[in-house]
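Novice: okay, sequence plus prediction incoming.
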Amino acid sequence: MAKTDEKKADGLWETVKTIFWALLIAGVFRTVFFQPFWIPSGSMKDTLLVGDFLFVNKMAYGYSRYSCPFSMCPFEGRLFFSEPERGDVVVFRHPVNGSDFIKRLIGLPGDRIQMKDGQLYINDAPVKVEPAGVFEETYRRQGPGGYFPQCENAPVGEGGTCKKSRFTETLPNGVSHDILNIRDGFFSDNTPIFTVPKGQYFFMGDNRDNSQDSRYARANGGVGFVPAENLIGRADRVMFSSAGRSLFFVWTWRADRFFKAVD
């Protein structure tokens, strides 16, 4: 074989090895540290919008059978590195159907959680809420699912302005975030008292009237209390965002949300 052919063969082999190791490292990195997540619904508006793409920090809380590298953890339950905190936006495995959900952590083990007339109470004390204007979006199909948003000012014609009242809620540990209101007097605005069991957590969506969360029993399509072992990780930052039905519709990219911190 001529030296030129040998050099070409060596160069090709080096390229193959480089690609192989790059893919292997990327796979390990994804499995051990981060998991991609695409926001499919509007339950976390306006913190997270349909079409936001983020990476979930799987190392935030430690490991469970759902977040352990290669699903080979030699223990039951969860090995915590740090405890989840109120206000964290968390991806977790649904206790019944196994799908991945993303909601905000509201109740810790032992907490008493209740909604009264749309007001959140934690351990019998009302959570501070302040008006924060109006959240507006265009009434049109959103994301691959093609669902229309729910509007406080319904009915709204396609292409019109869909509005929701926005408030800033401050949890007892000082974490503040926006919540949205669509309607008053709905079931989710008035609930019984939920006492969070040991080793479990209570989650709610920021879009309070459009979220099947811990306020709803599992038998009714909700998630109920979520066991610690079902927590996958914490959402820290939006990496990419697209308002269109497809990732390839460049004109629908929301550049102002690229690398946006999740509060």
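Specialist: Nice, thanks for sending it over.

Novice: all contacts plus neighbour counts: C-alpha atoms, from now on.
Specialist: Noted.

Novice: what ranges does the stretch 1-150 of the chain have for its helices?
Specialist: 3-32 (DSSP state H, counting those that start in this stretch).

Novice: show me the shaky parts of it.
Specialist: Along the stretch 1-150 of the chain, segments meeting pLDDT under 70 span 1-33, 63-81.

Novice: try 80 this time
Specialist: 1-34, 62-82 (pLDDT under 80).

Novice: and the stretch 151-263 of the chain, by the same measure?
Specialist: In the stretch 151-263 of the chain (pLDDT under 80), the answer is 244-251.

Novice: again, 70 this time
Specialist: Using pLDDT under 70, the stretch 151-263 of the chain drops low at 246-247.

Novice: mind checking the end-to-end distance for stretch 119-139?
Specialist: One end of stretch 119-139 sits 27 Å from the other (C-alpha to C-alpha, to the nearest Å).

Novice: over to stretch 216-229?
Specialist: The first-to-last residue distance of stretch 216-229 comes to 20 Å (C-alpha to C-alpha).

Novice: can you give me how far it is from the chain middle?
Specialist: Relative to its chain's centre, stretch 216-229 lies at 16 Å (C-alpha atoms, centre = their mean, to the nearest Å).

Novice: can you give me the buried ones in that stretch?
Specialist: In terms of neighbour count (16 or more other C-alpha atoms under 10 Å), stretch 216-229 has its buried residues at 216, 218, 222-229.

Novice: tell me the one of the residues you listed nearest residue 148?
Specialist: Of all those, residue 148 sits closest to residue 222, with 20.8 Å by C-alpha to C-alpha.

Novice: so the closest residue to the closest one other than its chain neighbours versus residue 95, what's the distance?
Specialist: Spatial nearest neighbour of residue 222, chain neighbours left out: residue 216 (4.4 Å); criterion: C-alpha to C-alpha, 6 or more residues apart in numbering. Distance, residue 216 to residue 95, by C-alpha to C-alpha: 13 Å.

Novice: shared neighbours, these two?
Specialist: Counting by C-alpha atoms under 8 Å, 6 or more residues apart in numbering, the shared contacts of residue 216 and residue 95 are residue 223.
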